[in-house]
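J.: 3D, please:
(chains A and B)
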Amino acid sequence: MVFILKPVPLWVEFNLNFNPMKTVFRIAALLCLTLSFSSCDDFLEVNPPYAQDAENYFRTPEDYQRALVGAYDLLQSSFLSVWIGEIASDNTIAGGESFNDTQGLHQIDGMQHGAVNTELRNVFRWNYAGIGRVNFIMENKDNIDFPGKAQLLAEARFLRAFYYFELTKFFGDVPLIVDERLGIEEAAQRPRAAQSDVYAQIVADLQASIPDLSTIASQKGRVTKAAAQALLGKAYLYQNKYSDALPVFEEIIQSGQFALHPNYSELWTLVNEQNSETIFSVEYSGLEGGSYGCLVCLEGNAGPGFHGIRQYTGPVYGDGNSYNLPTAELYSAFAPIDPRRNATVLDIEAFIAAQPNPAAITYAIGGGGHTGYYNNKYIKRQGEIGLPDNDLTSPLNYKVIRYADVLLMAAEAHLMTGNKPQAQQYVNQVRSRVQIPGISVNSIDDILKERRLELSCEGHRFFDLVRTGKAADFIPGFVPSKHELFPIPQVEIDLAGGSWMQNPGY
Amino acid sequence: MFRFLLGFSLLALPLMTNLSAQVIKGLVSDSKGQPIPFVNVVSKGSGSGTQTDLNGIFQLNLSDSSAATLEFSAIGFKRQSLPISGSEFLKVTLQEDVQRLSEYQMVGYGTSSRKEMTAASSQVEGEDLTKLNVSRMDQALQGQMAGVTVTTNSGSPGGSSSIRIRGLSTFGDNDPLILVDGVVYDSEGLNALNPSDIESVQVLKDASAGIYGVRAANGVILVTTKQGKKGAPMRISYDGYAGIQQTARQLNLLNAQEYAVIKNEMFAMGGQPLPFNNTNVGVGTPWQDSVFSTAPIQSHQLGIQGGSEKSTYSMGLGYFSQDGIVGGNKSHFSRYNGRLNFSHVLSKRVRFNSVLLFSSEFRRTLPENGIGSVLYNTINAFPTAPVRLPDGRFSYLEEVNDIINPIAQIQNQYNGVQTMKWVGKEEVEIDILKGLTFTNRFNFNYASLQNKVFSPLVWYGPGKFANTAINEQLESPMVAIADSFMVERGAAVYEENTSFLDLSYEGFLNYETTIAEHHKLKGLLGFSLFERKGESLSGIAYGIPNNSLEFADISANTAAGGFLNNTFSWEFTERLLSYFGRVEYAYKEKYMVSALLRRDGSSKFGPNNRYGWFPTIAGAWVISDEAFYSSSFIDYLKLRSSVGLSGNDQIPNFAYRALLNGEGVYVFDDVITSGVAIGTAANPDLKWESTLQMNVGVDLSLFNTLQLALDVYEKRTSNLLFQPDVSALIGSYGPGGFPPVINAGDVLNRGFELELAYQTPVRSPFQFSGKYTFGMVHNEVLSVPVGIDYLPGAAFGVGGDVATRFQVGQPIGYFFGFETNGVFQTQDQIDNAPQQDGAQPGDLIFVDQNGDGVINFNDDSDKAFLGSPIPDFTMGLMLNAGFKGFDLSLNLYAAVGQEAIRNYERQQPFANQLDYVIDRWVGPGSTNEHPRLTTEPTRNAIFSSYFVEDASFLRVRNIQLGYSFPAKWLSKLKIQGIRIYGSVNNAFTFTAYKGFDPEFSSASILSAGVDNGFYPQARSFMGGVQLKF
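T.: Predicted coordinates for the structure are as follows:
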């Protein structure tokens, strides 16, 4: 019976004093006695040594902090949403080594994508991974209390809202999982929730987080009150709830906390990645880029590496993979005097011709398409090193929401609620930063045009066109009532039990 | 060795001269009156025993002979019991028994006579294993048992094999449970087991293996080590052999001139400049001659055994050493073994048995069977390049980045694993009542592995993937450890210390009684506890001084600040708690039924599904014992059947719960900040796979010389343990995240087995025996997890398509790709064929499987089943003949109907090729088999049936000719027996397969049919001597 009650110590003792002959008899004698009794079952209660377990975690404030870091991690995968937001639009083409290089992007580029698309599946998987990590925290939020817990949970809620916003932007109705982790069986029974319910969850999370978030980030990269407000306003805008959006944007503007950075082209360099215009950015590092094998594992920004000039040797820029290439149409949409043109689009031949020794500069044209233009906002530049594979990543952060975007969103909200003068004032505030003349704002088309000039190559264009109902006017091959949403990956429908209806048209 | 001694040694053993009160003497002879030597004579009451001498005489001392019963047993004779009273001289006649019905067989926690067995099992004697002169038991088992398929995973010294009992039943681990004297052995750990220590090997193939419960689904192999015999005098034996090994085959590669001509044509066809101005370049470098070498092999085994009335002992000492036919001592295995089996009668009711096995082994390996392995590089190296340039440096083979000089590669390998293993069993048997025995068994298995790998700075040429230096001067690369802070990497050394300790206790009661003469009842009730602990500590250190092996130790590292150095560790514990019972009933040895039940609890599973019940029932009917039975030629006929459930728990520990070993890393304040995240998602309902198996078998004996066993079976494995893709909603696809392990999928194995054995009567002057085994299995995946079409396996080429799959309706690991139908001869033919984009005359014709008029290269709609690595059937044939001191034996093995993927050809313009390309297409009508050669892009190199070959083969595994010196010569030398022999292993292989060796496998079942330049089994020529004192 001694053995039954305390199985572990005996074995431990035995391991230390390894003396078979002597111990055999002792153990045997003890165990003989137990033969007639049942329940040695405690013997099987083995815990993983020196490993933390999901079920008995969250015992200290640090545990919560560390889990929150894990939830932030998936923000770094948003480079893919940014690509698709541009490639699907009229701004850029997919590019790359060949048409088989990241085939899913080429299909999206041509509006020929279907339900089998690795990139769309990654968007679906990665954002749900982020949601799962937030839910893991929220599920255990009441374990202990500690100072700073409200701010921590508010950051977590923001992240969940962010990931759901990405999902509903791409796929419309998506299953809602809140404060729980699903097993295989449960996942197969979870229906898609109506987009309005998804937005309700996003709004609820953001509204709950705003009071608890600090105005100034305790660390660069942390979610702030303004970040949550801006995302909330954006979520309203995507639902055409202009009157709800307006006060939220106004609160950010009236706070006086933000100002447009005086030099537009400097906004995109590593040294200026944190500036007066920053509301929320995804942070990256240059020290642990990772490898092509696991893009979701990267700590560096894959955007610049992929956008970089293929096999480039020369000044200023670095070698890259010629993805996400701006079209000539985008280049010509800018007025030549608009400094945003060259800040946004790199005309490679013009750039080379302007260098002191053009003949020494070489680069290659990828088989996946060539326009002569490169994404100059997120591009591989010399000195912005992403280790260990410098043509893969860069430490440059990704500006999710910056003040100019907030001004233009506020302008849109004003316009749609009938306040044209205020809308025009905000639009021209954005234009005056680059010293170009103001315009008069009469319709949503004026706002959209300005958003394109200000924000192209930042991942907004496709979604802006879709939410304003203008996509068919600008995107070749765009089929209304179909391409507003991307298809749910077929494999995800199958894995979730096969009961979800595919989005219309696919 | 028994058989050899039998015929040739006439030396009389000294009679025992114990002068105690009761001495029983007697003579044992056969039905013709010939005395039988070496008959075991045991007193059933006291357990004391002896053996007959060469004249069939025995003498046994008994402390109390008042009511003793003596039991006589010998191989080839029926067991006989004789009650004795007094001390008259006994005359005992034993009946010959070719069917060996009374021999004991292991059934798990007990024994059964062959006649009473209800299980489907096969047995091999240790002698039949050692005869093959191989280092591992599994290699020796090949072909010896029907339904047990053994395929080599590597022909390198110490390379493992895949043992598959009755097909492949699971996606994961298909290794059977191996028990050496009841101690769990991993099949990976079989290197430690000395074949010379083995008395016999028995395989439980059917549901009767269920007595081992949750680990028995892949079958159970019971190994018994050698034991001494009671009352037998001390015997010393020495077995040794030495020999040389060489490759049995070289590939037919292009020589330099052929290469130059072919490559010129290839470049010309591609519209590129010709690489060779002069194609008259002779034969060039035969790379295979440089890589393959003749390598030594040797083995020395010393055995001592004997016994007194109360004790028996058997000791073994062994040494084995082998170098590789590739790389010489860079590919090496050596082993020292020690063994001690000891039994002692402690008192009238208590017996003690002990087994101790020690081994120390050392193994060095080369990169093998992969892209970038030594043989892969050998095949693809250019015959126009020398091994070394005149200045002494190795040639760089610069035209293909991924091919490096194989000789340089061999030279730069420095690794070694030293493994020590202590295995033991300590057992006390107590007779509680008449017929009731209580066995206490304590087992341990301690293994310690020390691994060291030295990675020098090497330079294979510009742009080579395997370079660790940055230039020919072997300068070290610099590594950034922080912004603008670079340190020198230097040469590295990796060291690892890993140990495993298994401890187990088994306690069980055996009861045996006979009621009313004809009703035999046996019962078993027991329980066992098993624990395995493993722990590992390893480290890697950089900056090894002088780039030299001389300083290859972590202690010598000079890494700046130690910044790059790293340490790793892991630890685990797993446990098993089991209760088991069995009831066997036999009426007149004619009708047998048995039922067993085991309850297993495993710490691998969560509380929801921790315990499982594994029942089996079996029955047998000896028809030939019936009164109505009369047949002149079938003199023994028995029908057997069993059905039962067994399990498989071979998954990682703690897979049922979510550990926080994912990656949760983000950047705050520009500093990389580590958090936590769930790694593998939890599945609290996880449970074992279960295999339901049904078996029907017949044992029969023809003309009293030929024995036949036939079995048909069906095995259905369900709840397969998988880690397939799951719904994104589970949240498993973040960094470091993995889907949960789940139970899903079913696999069917259905098969037929036959074993046929013939032996001339024991006493005839010309001895001949033979055994033939035949097994066929139909393997089919019945279901895969919901929402998954198939599970992908190995890739073809470099970064190529997935070529093998696990898919419903197909065998595990079948090949899937485009089917070819010859070569396009003319443009006209292309125009009239289904649309095949880019096709030109000379290209392979792909078959339009779905008949839509287009060959679809972007999806699977035109791909088809191209083959399977699982043979349709396998056969083994063992023949032994002996006459007047000479003996000859032959061992053949054949596997028929399996296919292999030729994946050792680098699809690069400059890579060397097999000489079949000489028969390439060069114009209409030239060939319909091999496509044209060109450097321009074609689809001829995508995975198709062009790369799938029939890998059927017949192999003469061993030929041995021996001579035993006549005993009359030896008696003066006080030697009992001397036998010398010559032996050839892997003498001939008949196959159409083009690769090095048609017999290859992989521990990963989905890679089993993909040949990346397999390290072939050597052909060895050996001479040996066996001495007995």
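
J.: now A:Phe351, what's its secondary structure?
T.: Three-state assignment for A:Phe351 (DSSP: H, G, I helix; E, B strand; the rest coil): helix.

J.: Identify the residues contacting B:Pro406.
T.: Contacts for B:Pro406 (C-beta atoms under 8 Å, 6 or more residues apart in numbering or on different chains) come out as B:Trp287, B:Ser290, B:Val291, B:Val374, B:Leu375, B:Asn377, B:Thr378, B:Ala381. For the C-beta atoms, the positions are set from N, CA and C on the backbone; glycine is no exception.

J.: same question, B:Leu168
T.: Residues in contact with B:Leu168, defined by C-beta under 8 Å, 6+ apart, are B:Asn174, B:Val747, B:Asn749, B:Asn779, B:Pro811, B:Ile812, B:Gly813, B:Ile870, B:Ile1005.

J.: Chain A: which of these is nearest?
T.: Each of these was scored against chain A by C-beta to the nearest C-beta, and B:Val747 proved nearest at 20.0 Å.

J.: What parts of the stretch 751-900 of chain B come near chain A?
T.: Residues of the stretch 751-900 of chain B lying near chain A by C-beta under 8 Å from any C-beta of the partner chain: B:Val786, B:Gly787, B:Ile788.

J.: Tell me which residues touch the last one, please.
T.: Under the criterion of C-beta under 8 Å, 6+ apart, the neighbours of B:Ile788 are A:Asp494, A:Leu495, B:Pro724, B:Asp725.

J.: ok, now the second one?
T.: With contact taken as C-beta under 8 Å, 6+ apart, B:Gly787 is in contact with A:Val491, A:Asp494, A:Leu495, A:Ala496, A:Gly497, A:Gly498, B:Asp725, B:Ser727.

J.: Closest one to B:Asp860 out of those residues, please.
T.: Of all the contacts of B:Gly787, B:Asp860 sits closest to A:Val491, with 14.0 Å by C-beta to C-beta.

J.: In a strand, the closest one, correct?
T.: No: in this structure, A:Val491 is helix, not part of a strand, as judged by three-state DSSP.

J.: ok, so what distance separates it from B:Gly822?
T.: To B:Gly822, A:Val491 is 36 Å away according to C-beta to C-beta, to the nearest Å.

J.: neighbour-wise, which of those two wins?
T.: A:Val491 (20 against 13; other C-beta atoms under 10 Å in any protein chain shown).

J.: quick one: contacts for the more buried one?
T.: By C-beta under 8 Å, 6+ apart, the contact set of A:Val491 is A:Val116, A:Arg121, B:Asp725, B:Gly787.

J.: Looking at the contacts of B:Ile788, which two lie furthest apart in space?
T.: Greatest spatial distance among those (C-beta to C-beta): A:Asp494 and B:Pro724, at 11.5 Å.

J.: can you list the residues of the stretch 401-506 of chain A near chain B?
T.: So the stretch 401-506 of chain A meets chain B at A:Val491, A:Glu492, A:Asp494, A:Leu495, A:Ala496, A:Gly497, A:Gly498 (C-beta under 8 Å from any C-beta).

J.: Quick check: the fourth one touching B:Ser732?
T.: Right, A:Leu495. No: counting by C-beta atoms under 8 Å, A:Leu495 does not reach B:Ser732; the two are 11.1 Å apart.

J.: what residues does the biggest helix by length in chain B touch?
T.: When chain B is parsed with DSSP state H, its longest helix is helix B:256-269. With contact meaning C-beta under 8 Å, 6+ apart, helix B:256-269 is reached by B:254, B:273-276, B:278-285, B:382-384, B:909-910, B:912-913, B:915, B:917-918, B:920, B:932-936.

J.: switch to 7 Å and redo it
T.: Outside helix B:256-269, the residues within contact range by C-beta atoms under 7 Å, 6 or more residues apart in numbering or on different chains are B:254, B:273-276, B:279-284, B:382-384, B:909-910, B:912, B:915, B:917-918, B:932-935.

J.: Could you list the domains of chain A?
T.: A:2-44, A:62-257+A:440-495, A:284-396 (automatic domain parsing).

J.: Any chance of these in TSV with distance to B:Ile742 as columns?
T.: Below are those laid out as TSV (distance: least, C-beta to C-beta, whole Å):
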stretch	distance to B:Ile742
domain A:2-44	21
domain A:62-257+A:440-495	6
domain A:284-396	22
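
J.: Cool, thanks, talk later.
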